[in-house]
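> The following block contains a protein sequence and its predicted model.
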Amino acid sequence: TRRRERVELSLHVFRAQPLAFMYTANATQVSCTRANATRALRRSGTSTTRRVSTVTRAFTEYNEGDMLAKYPLDADTYKVELDCSQSNIQLGLLLEAGPDDRPRVKTIRPGGNAKGKVNVGDVVLATTYTVLKGVRDESWGSSMRGWLDTAETTSAQAEAAMTTNSSSVGLIMSRNYKATGLKRANVDEDTRSWAARVAAEARAKREQ
């Protein structure tokens, strides 16, 4: 099996090889803010680094092939690509925490891009996200699209990852998901607060 990278997420910055989430609206501005925060942490003392590290969680970085191998497409499992080039609001999706704490479609707004492509009650098995990799003092790095398995995160983290897509969001969905009772994510309230704050920041930027 090939080696998979680990994407490190913290409440304040991204560590290891610095990553910065790109949001649909004002992507450059938000990405710069994340990159500057990373640099500030690098220049600060080790005590700050240790403090941030204690609230860091990780998820495995997958590609599309990995996810399709894990979740083969069939009558109940399907893949959809939704346009979010204007904002994630145009998707018209309202999600809730579903079985095994995976995102589940609660409402689809009439006129939303998801209308006719996903159904109420469908569960998100995997979603794309966009990050900046290779952020350095002299460079903002390059954007990269990856896939997140919602079995490894909370519903809130998965929703936060969905908001980072800049042009379209890819989803692998299940029509008749049966709860397994297994959840590998080890998440505390700090991480839940981080996910909520990330989503709130994205919404605020889109509304400016």
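The structure has been received and is ready for your questions.
> drop to CA atoms for contacts and neighbour counts, all remaining ones
OK.
> quick one: average pLDDT of the helix or strand containing L125?
Under the criterion of DSSP states H and E, L125 resides in strand 123-133. Per-residue pLDDT over strand 123-133 has a mean of 91.
> In CSV, could you pull the C-alpha coordinates for it?
Only the C-alpha atoms of strand 123-133 are listed here, as CSV (Å, rounded to 0.1, in the frame of the first residue of the first chain):
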residue,chain,number,x,y,z
VAL,A,123,-25.6,10.5,3.9
VAL,A,124,-22.2,12.0,2.9
LEU,A,125,-19.5,9.2,2.9
ALA,A,126,-16.7,11.3,1.5
THR,A,127,-16.2,14.9,0.4
THR,A,128,-13.5,16.9,-1.4
TYR,A,129,-11.6,19.8,0.3
THR,A,130,-9.1,22.3,-0.9
VAL,A,131,-5.9,23.4,0.9
LEU,A,132,-2.7,25.3,0.2
LYS,A,133,0.5,23.3,0.5
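> Could you shift the numbering so residue one becomes 49, and keep it that way?
Got it, first residue is 49 now, which makes that one strand 171-181.
> For that strand, enumerate the helices and strands it packs against.
Under the contact definition 3 or more Cα pairs under 8 Å, 6 or more residues apart in numbering; DSSP states H and E, strand 171-181 sits against strand 67-69, strand 151-156, strand 190-197, helix 203-210, strand 216-222.
> what comes up buried for stretch 169-188?
Buried residues in stretch 169-188, counted by 16 or more other Cα atoms under 10 Å: 169-181, 183, 188.
> Verify the contact between T178 and S190 for me.
No: counting by Cα atoms under 8 Å, T178 stays clear of S190, with 10.2 Å between them.
> Going along the chain, name the helices of the protein.
Assigned by DSSP state H, the helices in the chain fall at 75-91, 94-101, 112-118, 203-210, 237-255.
> rank those by mean pLDDT and give me the bottom one.
Across the helices of the chain, helix 94-101 gives the lowest mean pLDDT, at a mean of 31.
> Look up how far I137 lies from L130.
12 Å (Cα to Cα, to the nearest Å).
> Give me the more crowded residue out of those two.
Neighbour comparison, L130 and I137: the larger count goes to L130, with 19 against 16 (by other Cα atoms under 10 Å).
> Tell me who's in contact with that one.
Contacts for L130 (Cα atoms under 8 Å, 6 or more residues apart in numbering) come out as 139, 161-162, 216-218.
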